[in-house]
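[1] dropping a prediction and its sequence here:
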Amino acid sequence: MSKNTPQFTCTACGAVHRKWAGKCDACGAWNSIIEEAPLSSGPKPLGAKGRTIPLTDLATEEAPPPRASSGLDELDRVLGGGLVPASAILVGGDPGIGKSTLLLQATAAFARRGLKCLYISGEEASAQVRMRAQRLGLADAPVSLGAETSLRDILTTLDAERPDLAVIDSIQTMWLDTVDAAPGSVSQVRAAAHELVTFAKRRGVAVILVGHVTKEGQIAGPRVVEHMVDTVLYFEGERGHQFRILRAVKNRFGPADEIGVFEMTGNGLAQVTNPSALFLSDRGQTTPGSAVFAGIEGTRPVLTEIQALVAPSNLGTPRRTVVGLDSGRLSTILAVLEARCGIPFAGLDVFLNVAGGMRVSEPAADLAVAAALLSAREDVALPPDMVLFGEISLSGALRPVGQTENRLKEASKLGFSQAVAPERSKLGADTGMKLRQMPDLTAFVGEMFGAG
Ligand code: TYD
Ligand code: MG
């Protein structure tokens, strides 16, 4: 590409394209590609020699980084056990989901534990942040507030103050005067994040960047900075549901896939220490089409209810509607039920839903999904005290999944007394549950619903 050819960048994922297109090939987003001036005129030729960098070997002894705990267990766990000094964290989420609320509470919690904390808002005036803090009962926490969008001024302030933690709310409002593009554009967001992350590493300041997930348009999404930071957290939740899930999708200092569960109340976010109870709380009388899945989220067992509705369709292509699960997974399970167990779903509309707005991505949910579908189709309710888990392979066999014992323990704790699991599931201590191990889906259908 010559120096002055314009380039086209996807605002959702940052992929660079040679020409404009309606859809980004890299991430599949529609109408997200915009034209941008090239970032720089390319690398300078390596004429002059660089200096030699000091090298060490792998055996060099270094103490593990001391972590700062906020006292909010749900947050500390998602961070991998606390905040690592000089780390860069991205917190993404839809606008209005509660990111500013969460981070204000987190900053206050860290400040009360003795960390020097700075909260820079580019979206709200200091008075607005202060008002929110008062409402949340955090007005006495020793947090320094700033309302600014110029990154040059912010970096100067951070350099003078040297806090332990700086929160930047949000990265899309920041602008650098060295970059010739509007705030929120891919090049501004990328450059601002790069400056902040480099600053964090060099000066030993932990930074948390807030990023709004954008559906389309001219604003860059948080995905364009994901690769620069150490930890990527997403704050998710369904509108109309009170609870919010903080999910680690990348973490250089701890396990990914860990979740923290919060509930949005009138006084801010409250921690939910027993999420299973919350997700199952609406469960009244068990009806056909409902199955309880004993899942694992990160290191923690979480029980969720899978709901299915199967009804005769008057459409040529029956409807397949899924909320909270992968729709490809549903198609696979329907195909296995049809091909291996001889139970057709042709001519039937299928609706599948994970209760409470939770999102399940574990393959271990397959068996519970199949059970919910069968139960809905046959109009037979499953026993109310039963949980299920197991992965279904294309042959119809049930494959064992990890952490059987943890799943059973959690189910037992919540008053369930029987479980269906794949054969050869690894068992340790007795959990007090009646466990039925099944080799394949056909055996399961035969036992639960008669011979199909
Ligand atoms: P906010 O943190 O401003 O969202 P974000 O920064 O992700 O855009 O949260 C805004 C929503 O949270 C708003 O709809 C009101 C709700 N909320 C409460 O329900 N209770 C509270 O105590 C607070 C502070 C906010
Ligand atoms: Mg906000």
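    That came in fine, so what should we check first? Ligands and ions are numbered 1, 2, ... in the order given.

[2] who's in contact with Phe8?
    Phe8 makes contact with Val16, His17, Arg18, Lys19, Trp20, Ala21, Ile33, Ile34, Glu35, Glu36 under the criterion Cβ atoms under 8 Å, 6 or more residues apart in numbering. To be clear about C-beta, it is placed using only N, CA and C from the backbone, and glycine gets the same treatment.

[3] ChimeraX command for the buried members of these?
    ChimeraX command restricting these to the buried ones, with burial defined by 16 or more other Cβ atoms under 10 Å:
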select :33,34,36
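
[4] quick one: least confident of the contacts of Phe8?
    Per-residue confidence over these reaches its minimum at Glu36, where pLDDT is 79.

[5] from what I can see that one touches Arg190, true?
    No: Glu36 sits out of contact with Arg190 when judged by Cβ atoms under 8 Å, with a separation of 10.5 Å.

[6] list just the nearest of the contacts of Phe8 to Leu414.
    The nearest member of the contacts of Phe8 to Leu414, counting by Cβ to Cβ, is Ile33 at 47.8 Å.

[7] the closest one pairs with what?
    With DSSP bridges applied, Ile33 shows beta-bridge pairing to Cys10.

[8] check Ala206 too.
    With DSSP bridges applied, Ala206 shows beta-bridge pairing to Leu165.

[9] surely Ala68 is in contact with Cys117?
    No: contact status for Ala68 versus Cys117: not in contact, 10.3 Å apart, counting by Cβ under 8 Å.

[10] shared neighbours, these two?
    Contact criterion Cβ under 8 Å, 6+ apart; residues bridging Ala68 and Cys117 by contacting each: Phe110, Asp164, Leu165.

[11] tell me which element Phe444 is part of?
    According to DSSP states H and E, Phe444 maps onto helix 441-449.

[12] same check on Ile120?
    Under DSSP H and E, the secondary-structure element containing Ile120 is strand 117-121.

[13] what secondary structure does Thr101 sit in?
    Of the three states, Thr101 takes helix under DSSP: H, G, I helix; E, B strand; the rest coil.

[14] show me where the stretch 251-400 of the chain has its strands.
    With DSSP state E, counting those that start in this stretch applied, the stretch 251-400 of the chain shows strands at 259-265, 268-271, 290-297, 300-312, 320-323, 348-354, 386-388, 391-392, 398-399, listed in chain order.

[15] turn those into a markdown table, columns for mean pLDDT, mean neighbour count and distance to Ala147.
    Output for those, formatted as a markdown table (pLDDT from 0 to 100; neighbours: other Cβ atoms under 10 Å; distance: least, Cβ to Cβ, whole Å):
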| stretch | mean pLDDT | mean neighbour count | distance to Ala147 |
| --- | --- | --- | --- |
| strand 259-265 | 91 | 20 | 24 |
| strand 268-271 | 92 | 18 | 20 |
| strand 290-297 | 93 | 26 | 36 |
| strand 300-312 | 93 | 20 | 37 |
| strand 320-323 | 94 | 15 | 38 |
| strand 348-354 | 94 | 20 | 39 |
| strand 386-388 | 94 | 25 | 49 |
| strand 391-392 | 96 | 21 | 50 |
| strand 398-399 | 95 | 22 | 54 |
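
[16] near ligand 1, which residues of the protein are found?
    If contacts are counted using Cβ under 6 Å from any ligand atom, the residues of the chain sitting beside ligand 1 are 93, 95-101, 132, 135-136, 264, 266-268.

[17] change it to 5 Å
    Of all the residues in the chain, those in contact range of ligand 1 (Cβ under 5 Å from any ligand atom) are Pro95, Gly96, Ile97, Gly98, Lys99, Ser100, Thr101, Met264, Gly268.

[18] and the buried ones among these, selectable in PyMOL?
    In PyMOL, selecting the buried portion of the residues of the chain next to ligand 1, with burial taken from 16+ other Cβ under 10 Å, looks like this:
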select buried, resi 97+98+99+100+101+264+268
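
[19] picking that back up, which one of the contacts of Phe8 is nearest ligand 1?
    Ile34 (23.2 Å; Cβ to the nearest ligand atom).

[20] hmm, back to that, out of the strands of the stretch 251-400 of the chain, nearest to Leu373?
    Between Leu373 and the strands of the stretch 251-400 of the chain, the shortest separation by Cβ to Cβ is 4.8 Å, and it involves strand 300-312.

[21] helices and strands around that closest one, which ones?
    helix 275-279, strand 290-297, strand 348-354, helix 366-378, helix 404-413 (3 or more Cβ pairs under 8 Å, 6 or more residues apart in numbering; DSSP states H and E).

[22] what sits against Leu209?
    Leu209 sits next to Ala88, Ile89, Leu90, Val91, Ile168, Ser170, Ile171, Ala193, Leu196, Val225, Val229 when contact means Cβ under 8 Å, 6+ apart.

[23] quick one: contacts for the first one?
    If a contact means Cβ under 8 Å, 6+ apart, then Ala88 has Leu196, Val197, Ala200, Lys201, Ala206, Val207, Leu209, Met228, Val229, Asp230, Thr231 as its contacts.

[24] if we use 10 Å, what do you get?
    193, 196-201, 205-209, 225, 228-232, 252 (Cβ atoms under 10 Å, 6 or more residues apart in numbering).

[25] Ala68 and Cys117 - which one has more neighbours?
    Neighbour totals were compared for Ala68 and Cys117, and Cys117 leads with 24 against 18 (other Cβ atoms under 10 Å).

[26] bridged to the more buried one, which residues?
    Assessed by DSSP bridges, Cys117 has beta-bridge partners Val143, Leu165.

[27] please consider this matter closed, and thank you.
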